[in-house]
Every structure is written in C-alpha cells, then in structure tokens.
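Q: Sharing a sequence plus its predicted fold:
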Amino acid sequence: MDLTSTTLPIVYSLQHCPYAMRARIAIFKSKQPVLLRAIKLNNKPPEMLALSKNQTVPMMVLPNANGTHLPEVVEESLDIMLAVLKQSDPNQLLVQSTCSLSEMLTFIEHYETGLIPANEAYKCAKRYKETNIAKYRQACEVYLQELELRLTQHAFLLSETESLLDIALMPFIRQFSKVERQWYQQSPYPKLRAWLNGYLQSPMFTKVMAKHELWVDCQRDILFGDLSTKS
C-alpha cells in the first residue's frame, strides 16, 4: 500500500508489548479505524524502518495532511494515545472532574518513571531465578499500594469513570500479575485485581489482543478498531 495515498493512519504493532497494547486500546476506544501492521522485533518491515527514528513499536504513520510528500510519524505510545483521543474521545477518557489532562499526564509520568522500571527489574529477577526476587516485587508494591488505595475510593483510578490513566497503566499491571501468578492471586490488592479482571474479561480486550498475520509475510493491512456506531 502506498503511504502517500492512504486515508487511514497505519499503526505498526507488536501483540504482547504493553506499550503497543495501550496504544491499541486507545485506538479502539477512540472508535477511529486504523490500518494495523503486525511485526516481530527481529524482522522489522523495511517500510517501517525507512520512516522510524526509534525503530520500535508502536509507531503510527498519519496520512499526508501537512502539505509535504512525507507522512507524519508518531513513535511514542502515549503520544499515539493522545493523538487518537484528541481526535475522537467518545468515552471522555481525557476529561475528568477530579483533575485536568495536565494533572493526569503527571500521574502517568509518576508511574512510568517508577512502576515500569521496577516492574522490568522484577520480571528479570524471576527470569534469571534471582534469590532476592521479593526485593524487586516490593519495589513494585510501593506503586500497587497507591493504586489499591485509589480503587478503594472509586471504580477507576481517578474517579467513577474510566480515564487515560487507567488504560495507560493496565498493560503494565497485567505484566506484573503474570510474574508470580500465585503470589499475585493471594496478594493484598483485591480492588486492583478486580479492576484488572474487568479489562481482561472484556470483549474490548479480546479484540485488542487478537493475533494477526505478520505484515512481512502477507503485505496485507488489517482494518483495526471499534467500527461500531458511536454512541
């Protein structure tokens, strides 16, 4: 497909990457269709590499709208989420009565600079069978305790309604839950487990996590998104 002529954004994505996952969730929630191209990190399409600075996913290529022959490229997952939701946000994920979008982004940064690195260290400790894995888990729990407290006050992380913060963090909480499954199921975070299960058991998540044939194998774009009529 010619990138200079398509009228839909093209999104390069990796099925289980939490950053790519949250970008797909935001796209689905926006009810705006995109053309999805599934990739593997060890076999990236030349079409993607030609446009990418980071050469990783997610990456969104926007239709030509800037008067140039080069498509606009968005390479950070949060930037992709904001781009699609600012265009269409039927669930008002960017709008909260309890805080502004700027404050919401500050919350996200807090967890991105704290929870996500701690989570990565925890995963590595389990993978390499380190004897002090509890130390790495406890570093994550500092942030889980904050989230549990939030969820004792309302159904979602900021209020009774879902927000950008919820969908930005959910893939990383899912990632944490899979490191030591038995410990997680017995952990003192019942509200967090219920919140996560609400996502994992939803039709939305099933669609977002669907496996697609790799672009390099089929050269066929997948029409992706919640294509139902907007409410």
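A: Good, I have the coordinates.
Q: make it CA atoms for all contacts and neighbour counts henceforth
A: OK.
Q: CA atoms only for the helix or strand where residue 140 lies - export them in CSV, please.
A: Element membership of residue 140 [criterion: DSSP states H and E] is helix 133-153. What follows is helix 133-153 as a C-alpha-only set of coordinates in CSV (Å, rounded to 0.1, in the frame of the first residue of the first chain):
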residue,chain,number,x,y,z
ILE,A,133,13.0,-11.6,44.0
ALA,A,134,10.9,-10.4,46.9
LYS,A,135,13.0,-7.2,47.0
TYR,A,136,12.1,-6.4,43.4
ARG,A,137,8.4,-7.2,44.0
GLN,A,138,8.3,-4.9,47.0
ALA,A,139,9.7,-2.1,44.9
CYS,A,140,6.6,-2.5,42.6
GLU,A,141,4.3,-2.8,45.6
VAL,A,142,5.0,0.8,46.6
TYR,A,143,3.0,1.8,43.5
LEU,A,144,0.5,-1.0,43.7
GLN,A,145,-0.5,0.2,47.2
GLU,A,146,-1.1,3.7,45.8
LEU,A,147,-3.4,2.2,43.1
GLU,A,148,-5.2,0.0,45.5
LEU,A,149,-5.9,3.0,47.7
ARG,A,150,-7.3,4.9,44.7
LEU,A,151,-9.6,1.9,43.8
THR,A,152,-11.0,1.8,47.3
GLN,A,153,-12.3,5.3,46.7
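Q: who's in contact with that helix?
A: Contact with helix 133-153 is made by 111, 114-115, 118-119, 121-122, 125-126, 156-159, 189-192, 195, as judged by Cα atoms under 8 Å, 6 or more residues apart in numbering.
Q: Emit the ChimeraX select command for whichever of those are buried.
A: Selecting only the buried entries of the contacts of helix 133-153 in ChimeraX, with 16 or more other Cα atoms under 10 Å as the criterion:
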select :111,115,118,119,121,122,125,126,156,157,158,159,189,191,192,195
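Q: how far out from the middle of the chain is the helix or strand following the helix holding residue 140?
A: Of the helices and strands lying after helix 133-153 in sequence (DSSP H and E), the nearest is helix 164-177. The chain centre lies 8 Å from the centre of helix 164-177; the measure is Cα atoms, centre = their mean, to the nearest Å.
Q: for stretch 88-100, same thing?
A: 17 Å.
Q: now do stretch 169-186
A: That offset, for stretch 169-186, works out to 16 Å (Cα atoms, centre = their mean).
Q: Next: stretch 46-65.
A: The chain centre lies 17 Å from the centre of stretch 46-65; the measure is Cα atoms, centre = their mean.
Q: outside of that stretch, which residues touch it?
A: 3-14, 19-20, 23, 41, 70-77, 80.
Q: So which of these are in strands?
A: Members of the contacts of stretch 46-65 lying in strands (criterion: DSSP state E): 10-13, 72-74.
Q: Between these, which sits nearest residue 167?
A: Distances from residue 167 to the ones in strands among the contacts of stretch 46-65, taken as Cα to Cα, are shortest for residue 13 (16.7 Å).
Q: Pull the contacting residues for that closest one.
A: Contacts for residue 13 (Cα under 8 Å, 6+ apart) come out as 20, 36-39, 57-59.
Q: burial measure for residue 225, as a count.
A: When neighbours are counted by other Cα atoms under 10 Å, residue 225 registers 22.
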